[in-house]
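**Student:** Based on what follows, work out the 3D shape:
(chains A, B, C and D, ligands or ions: 2)
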Amino acid sequence: MMVKNRKLNDDEFFKERKAILATWPTGSEVDLEEALTFHNSLPAKKNFALRLVEAREKGETLIRCESGIPTVEEFSNYLRFLQDEGHADLLGAHVDSMTRNQRYAETERGLEESLKTGRWVLNGFPMVAHGVRGTRKLIDAVDLPLMIRNPCVDQRLVAEIGFASGFTGASGCPILAFSQYSRNIPHEVVISYYQYVYRLMGYYGERDVPMVASIIGGFAILCPLSVLIAGAIIDSLIAAEQGVKHINLVNNAQGNLVQDAAGIIVLRKTVKRYLEAQGYKDIEVTMNLSNWSGQFPADTFDACAIISVGVTAAVAGKSELCTVKTIEEAKSIPTREASANSLRLGKTLIKQLKSQNFQLEDKLLEAEAAMLEKETELIVDKILELGDGDAVVGEIKATQTGVFDVPFSTSQYVQSRVKGVRDLQGAVRYIDHGNLPFTSEIIDFHKEKIAEREKAIGKKLDYQTIVKDISSISRGEL
Amino acid sequence: MMVKNRKLNDDEFFKERKAILATWPTGSEVDLEEALTFHNSLPAKKNFALRLVEAREKGETLIRCESGIPTVEEFSNYLRFLQDEGHADLLGAHVDSMTRNQRYAETERGLEESLKTGRWVLNGFPMVAHGVRGTRKLIDAVDLPLMIRNPCVDQRLVAEIGFASGFTGASGCPILAFSQYSRNIPHEVVISYYQYVYRLMGYYGERDVPMVASIIGGFAILCPLSVLIAGAIIDSLIAAEQGVKHINLVNNAQGNLVQDAAGIIVLRKTVKRYLEAQGYKDIEVTMNLSNWSGQFPADTFDACAIISVGVTAAVAGKSELCTVKTIEEAKSIPTREASANSLRLGKTLIKQLKSQNFQLEDKLLEAEAAMLEKETELIVDKILELGDGDAVVGEIKATQTGVFDVPFSTSQYVQSRVKGVRDLQGAVRYIDHGNLPFTSEIIDFHKEKIAEREKAIGKKLDYQTIVKDISSISRGEL
Amino acid sequence: MNEKVHSLKTLVTGVIGEDVHVIGIRILEYALREAGFKIVSLGAQVSQEEFIEAALETKADAIFVSSLGGHARISVPGLREKCVEAGLKDILLYLGGQLTIGDVKWEESEKAFKDIGFDRVYPPDIELATVIRDLEADCRREGVRS
Amino acid sequence: MNEKVHSLKTLVTGVIGEDVHVIGIRILEYALREAGFKIVSLGAQVSQEEFIEAALETKADAIFVSSLGGHARISVPGLREKCVEAGLKDILLYLGGQLTIGDVKWEESEKAFKDIGFDRVYPPDIELATVIRDLEADCRREGVRS
Ligand code: B12
Ligand code: B12
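**Tutor:** Ligands and ions are numbered 1, 2, ... in the order given. I've put the predicted structure just below:
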């Protein structure tokens, strides 16, 4: 299998489509023409992509949180509750992890048990089991746009069903899926699955139904930001090639406000630049600052503090969207009350900070952003060089050789030599940059930052430190 | 009655003392020698004044919240709960408002009813009713320092009982008491009562029991900061003259982070400068950023957001102490759970921000501080000029003539022509500076800021705007 | 027409007892003035006697008592009796603010204060428009009565 | 002496089913290695068959199953039976993570997983030292038994 960054033609697309829809009975409920008619009957304010662009024009920071529970009826009420009591700006459906891995039969059993016992047996909304008929009820239940939240290796069928139901965006991208949601699936396979999903989004877009792709480029738990931004650039190029016109980039906060805000700024800037350089000129780019996504504190009010820090980063970096965790993150799938409470905290804090035009110290922010941008460019330019300008070819080679690399990958194909650790201000630095194509200036910068902390605590940073830093936030520290 | 800023001599002090202790039976429980022995038996970590100095040396921001309920037993448990479950750094006892107004008989009836019904009939801890015998149990119940929280006109007896019981600080100051806690008590009477309290603190201090005076200089609900800072300077001069060696200055946050942080910086700097200029050279000055103290949002999680903003200001301004409101502020006297939850939120946020050396935009902060400092100096210099160098004489004259003035005073003797309103960033500006001795540069600055907002909303700011701004935070806005 | 029913009505306002929370009543006074009432504002820490004296002096139609600190159960009992003694049998007594401490049920609290002679009792989140509407209605009724 | 009882013990570790949460088990592996155990780490998304294969191949003394996503009730039943079938009758089965969804009582949940053949079951806030102590105890007991 040889994958390139090349748009699927209609033949390829429709052939693959037929096969995918046939993988489960509810696939037959998808009717593209009917879906387009349905989307066109919806008001613009129910389109996720358009709402984000509006936020950018108005200088807003919108808010949402993750949610997904098994049954249609209860989840409809749940979403309405987030809208009415949480004052959410945007909504979504987290798909359960059985569905994410095509275990549709197990999912149906889980759904049955959930319906029978009234307990949530699945950890998300089983979109394939519910099909278009069930899933569309979510769209009808609320006045806000919904995005499919289903990062995983193969979300082709879920995307078909979700978009046909009225969802107007999807999260997940090749690098995230490959490095965090698979163990032994080849890189090119994951990419090809995403090319299909992006082509499907492009197809809707070409028919006046804008679809937004949420792209993250990796997963930020003590992962230095430049590899994530590089990943997001590559995945954006892949999405754009398939015709995606709306990209919502995720920066995953790690807790240091300056670094997190700089991440938003550099991510936005560099993605736009590389998209244009590769000839994709009419892409709407917006940002999403996502709350710290590692282990959360168990206590509700400690969790409130961590949510606040994330919101502050979102406003400081002028993100169009802030995704907050809930006060029950450490516990389990949040109740609707917990979700609404978390949204209200976030929304009120956004109002407080936005209305005073909150700003971090400029010089610090600029310095951090400048270094980040340099690092990112070195990685991306090398990837593109390896692929002779082809982002897909380059990315696959880069991952094999560690020119692109992330810590704690679940994939056996990722080296995971790269490791991050916190510096004295809690910013994440490379304690090991593996085979990333860095200059000595950059390597020395990170060394210095690490040496500063070593000096302050009087001992060498090592694996033990990494372990400590991974869970520090759950203890309220940074 | 002619009051001056002059230290009470021992004769005057002990004569007054005898009269005060005789005003209520529990006064007889106060034995200064026994009290000194008791204080000396306590570890240094139970001294409020010393703990604040330690925080300054270590660069810490400590946390506390207000609390006070009627019975000794329940309040002891409450305080222990704040210590153990809220991780409070410092504690205090809010005295009920009957006691604050010498209605000791009514207080005793309220206490009885509280004991009988198990309901909190009083809005604080009736320290005079409990006497030294009861009050000392609070000190024994915890390992942290306690401060008397009893701003009111005449707290001489409460101070006697509280200090003898082991409390190591008191809040309230002449200007606050006169302008916010009285209707028709002459200014000089209020000042003379405070001179007594400060002399008592000085007396303890001279005997190696440091006592800290918490000084605020007014009350910040839409009150432009410079009059408050000026007030705090005057009150600090009054305290220092009586021998107080530890002053903890309160800046009452109004919601705009830059302005609130600038307030901390200017308050610290100018108080120190005027103290030294008037010859008080060995005073330990520390800061306390107190949460927004106007109407709070009714919802717990909206309240969390407002608490977070306060904490952020405290850290940004490098305050040694942050006093948070509780999530039940809008409701009633908080339960111990509500208080502990609020403390944990605040403490975790402090840890997150401190450990990253959180900073606001420097240039904005400097500009705000520079203007504040100028305004403050003009007011204070004029006050001192009116008093021929005597802070007390000057302050009394200044208040009569409106050279010193605050909005929404409860006192019939305060002009309250001065009024604040929010600018476009939510900072409080003078919409009316009354008779404050400002230069045209300053007057124009405030006019401009107000004009900016008028332009943005397309209408003149007026009393209606002030009313709206007073309650904006309770609606989550700024 | 209806709006004019109260154009001459006089209200005495104040914060009762040792309570200094004046912000709420100031805002209320502002709204009442805008609505056409004549306000005699006593401010903070007003005793029962001061309320009655002012009402007598100004021939007031109603007394607006505010209490925020939670001591209303201590500060307001006896006011109606003192009014009757002073010849103000029919004067309207309105009470508002944060009257009690802790989780007291509103219905309970409202009933208790009405039982001791208050005509209207309000929780802190009351809309000012509601107060004005009630007052207009009561004034009309009083008008009929007198 | 006691510490050495496990110096040769081999443990197979992995995250079961479709679950990708590897961070917890990685940290646990690190601690177990430090404590002297031999670790055969399978990583994320490990099937029951893969666990058993690895245990047979490495003559493991215990299988450490992690499950965070809340699907343990779907993913782990049958593992003990398959072990017995494969001749691993006495192998220790440990389970940990965030096993269920919602407000399930821990005692209930623990019992349910023990009933289907797990020797030890842990909640997410478990101290690693406790796990190691339990394991050492179980190893000693196993030692006696074998
Ligand atoms: C500001 C404030 C203060 C300021 C007051 C400044 C001033 N000059 O007014 C200061 C700092 C001085 C203060 C002091 C104290 N306060 Co205070 N304060 C508040 C706070 C934060 C806001 C009150 C306010 O201004 N609300 C905004 C106005 C617009 O609303 P309002 O007052 O409710 O009034 C509206 C309605 O109620 C209604 N209304 C009011 N009165 C009346 C009357 C009638 C007839 C009608 C029809 C309607 C009506 O109309 C108004 C306009 O909409 C509240 C908590 C909160 N609500 O967030 C605590 C609060 C009221 N205070 C409280 C307490 C206990 C005190 C103190 C005893 C101790 C302390 N915490 O410091 C002292 C009291 C000292 C004394 N001698 O009275 C408690 C009361 C507890 C209770 N009732 O259960 C509260 C609830 C805080 C708390 N959770 O503990 N306080
Ligand atoms: C990080 C994280 C992720 C990362 C994982 C990254 C990675 N490569 O590991 C990502 C983003 C990929 C992820 C995805 C998902 N996650 Co997740 N995730 C978390 C999070 C925030 C932290 C988990 C963690 O790393 N903890 C830190 C480690 C050190 O602790 P630990 O895992 O508990 O492990 C310790 C102990 O439990 C014990 N232990 C663990 N296993 C074992 C085994 C044995 C034998 C023993 C003895 C001990 C033991 O030792 C460990 C060290 O102390 C938690 C919430 C939280 N806890 O804060 C949610 C959480 C676990 N995730 C959840 C869910 C639902 C998902 C998703 C299904 C959907 C989603 N929310 O995105 C997907 C799953 C996709 C899939 N196919 O599996 C839920 C699970 C719900 C439940 N169980 O009730 C949680 C609780 C969040 C929530 N509140 O909804 N997640």
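
**Student:** pLDDT at residue A:218, what is it?
**Tutor:** Looking at residue A:218, its pLDDT reads 88.

**Student:** got it, and the one 5 residues further on?
**Tutor:** The per-residue pLDDT reported for residue A:223 equals 96.

**Student:** ok, it touching residue A:420?
**Tutor:** Yes. Counting by Cβ atoms under 8 Å, residue A:420 is a contact partner of residue A:223 at 5.5 Å. C-betas here are computed from N, CA, C, even on glycine.

**Student:** Pull up the overlap in contacts between those two.
**Tutor:** A:407, A:428 (Cβ atoms under 8 Å, 6 or more residues apart in numbering or on different chains).

**Student:** got a list of what the residue nearest to the spatial centre of chain C touches?
**Tutor:** The residue lying closest to the centre of chain C (Cα atoms, centre = their mean) is residue C:64, at 2.0 Å. Contacts for residue C:64 (Cβ under 8 Å, 6+ apart) come out as C:11, C:12, C:13, C:14, C:25, C:28, C:32, C:94, C:96.

**Student:** quick one: the strands in chain A?
**Tutor:** A:62-65, A:91-94, A:146-149, A:169-171, A:212-215, A:246-252, A:284-290, A:321-324, A:419-422, A:428-432 (DSSP state E).

**Student:** If you could redo that for chain C, that was the one I meant.
**Tutor:** All strands of chain C, identified by DSSP E, fall at C:10-15, C:38-41, C:62-67, C:92-97, C:120-122.

**Student:** Low-confidence stretches in the chain?
**Tutor:** The chain I'm using is chain A. For chain A, residues meeting the criterion pLDDT under 70 lie at A:1.

**Student:** um, chain C though
**Tutor:** Scanning chain C with the threshold set as pLDDT under 70 gives C:1-8, C:142-146.

**Student:** For ligand 2, what's its nearest residue on the stretch 301-450 of chain A.
**Tutor:** At 3.3 Å from ligand 2, residue A:332 is the closest residue in the stretch 301-450 of chain A, using Cβ to the nearest ligand atom.

**Student:** What is the neighbour count of that residue?
**Tutor:** 18 (other Cβ atoms under 10 Å in any protein chain shown).

**Student:** my guess is it meets residue D:97, correct?
**Tutor:** No. Residue A:332 is beyond contact range of residue D:97, at 11.8 Å (criterion: Cβ under 8 Å).

**Student:** hmm, back to that, so the residue nearest to the centre of chain C versus residue B:409, what's the distance?
**Tutor:** 20 Å (Cβ to Cβ, to the nearest Å).

**Student:** And residue A:315, by the same measure?
**Tutor:** 36 Å.

**Student:** got the end-to-end distance for stretch C:92-104?
**Tutor:** This stretch, stretch C:92-104, spans 25 Å end to end (Cα to Cα, to the nearest Å).

**Student:** what about it, distance to the chain center?
**Tutor:** Distance of stretch C:92-104 from its chain centroid, counting by Cα atoms, centre = their mean, to the nearest Å, is 11 Å.

**Student:** Run through the helices of the stretch 201-350 of chain A in chain order.
**Tutor:** A:225-241, A:257-277, A:300-316, A:336-354 (DSSP state H, counting those that start in this stretch).

**Student:** need the contact list for the closest residue to chain D within the stretch 101-250 of chain A.
**Tutor:** Using Cβ to the nearest Cβ, residue A:101 is the residue of the stretch 101-250 of chain A that sits closest to chain D, at 3.9 Å. By Cβ under 8 Å, 6+ apart, the contact set of residue A:101 is A:152, A:153, D:18, D:45.

**Student:** How many residues are close by the last one?
**Tutor:** Right, residue D:45. 22.

**Student:** if we can go back for a sec, need the winner for burial among the strands of chain C.
**Tutor:** Most buried of the strands of chain C, by mean neighbour count (mean count of other Cβ atoms under 10 Å in any protein chain shown): strand C:62-67, with a mean of 27.

**Student:** what pairs with that strand, and is each one parallel or antiparallel?
**Tutor:** Paired neighbours of strand C:62-67 in the sheet (DSSP bridges): strand C:10-15 (parallel), strand C:92-97 (parallel).

**Student:** Distance from it to the middle of the chain?
**Tutor:** With Cα atoms, centre = their mean, you get 3 Å for strand C:62-67.

**Student:** How about stretch A:204-220?
**Tutor:** Distance of stretch A:204-220 from its chain centroid, counting by Cα atoms, centre = their mean, is 10 Å.

**Student:** Let's see the distance spanning it from one end to the other.
**Tutor:** Start-to-end span of stretch A:204-220 (Cα to Cα) is 31 Å.

**Student:** same deal with stretch A:2-22?
**Tutor:** With Cα to Cα, one end of stretch A:2-22 sits 25 Å from the other.

**Student:** Kindly report the same for stretch A:37-55.
**Tutor:** Start-to-end, stretch A:37-55 (Cα to Cα) is 26 Å.

**Student:** cool, and stretch A:146-155?
**Tutor:** 16 Å.

**Student:** Around residue A:258, how many other residues sit close by?
**Tutor:** Residues near residue A:258, counting by other Cβ under 10 Å: 25.

**Student:** hang on, I meant residue C:33
**Tutor:** 13.

**Student:** pretty sure it contacts residue C:39?
**Tutor:** Yes. The pair residue C:33 and residue C:39 passes the contact test of Cβ under 8 Å, sitting 5.5 Å apart.

**Student:** which residues are common contacts for the two?
**Tutor:** Contacts common to residue C:33 and residue C:39, judged by Cβ under 8 Å, 6+ apart, are absent.

**Student:** Of all the strands paired with strand C:62-67, which one is nearest residue A:360?
**Tutor:** Closest to residue A:360 of these, according to Cβ to Cβ: strand C:92-97, at 41.3 Å.

**Student:** ok, and what's touching that closest one?
**Tutor:** By Cβ under 8 Å, 6+ apart, strand C:92-97 touches C:15, C:21, C:24, C:28, C:61-68, C:72, C:76, C:79-80, C:83, C:113, C:117-124, C:126, C:131, C:135, C:138-139, C:142.

**Student:** Outside of the lengthiest helix in chain C itself, list whatever touches it.
**Tutor:** Longest helix in chain C, counting residues (DSSP state H): helix C:128-145. For helix C:128-145, contacts defined as Cβ under 8 Å, 6+ apart pick out C:2-3, C:5-6, C:9, C:27-28, C:31-32, C:35, C:37, C:61-62, C:90, C:92, C:94, C:96, C:119-120, C:122.

**Student:** which of those residues are close to ligand 1?
**Tutor:** Counting by Cβ under 6 Å from any ligand atom, the subset of the contacts of helix C:128-145 that neighbours ligand 1 consists of C:27, C:28, C:94, C:96, C:122.

**Student:** For the closest residue to ligand 2 within chain C, give its distance to residue B:333.
**Tutor:** Relative to ligand 2, the nearest point of chain C is residue C:103 (30.9 Å; Cβ to the nearest ligand atom). Counting by Cβ to Cβ, the gap from residue C:103 to residue B:333 is 10 Å.

**Student:** So which of those two has more stuff around it?
**Tutor:** Each of residue C:103 and residue B:333 has its neighbours counted (other Cβ under 10 Å); residue B:333 has more, 24 against 10.

**Student:** Identify the residues contacting that one.
**Tutor:** So residue B:333 contacts B:68, B:69, B:120, B:123, B:124, C:70, C:101, C:102 (Cβ under 8 Å, 6+ apart).
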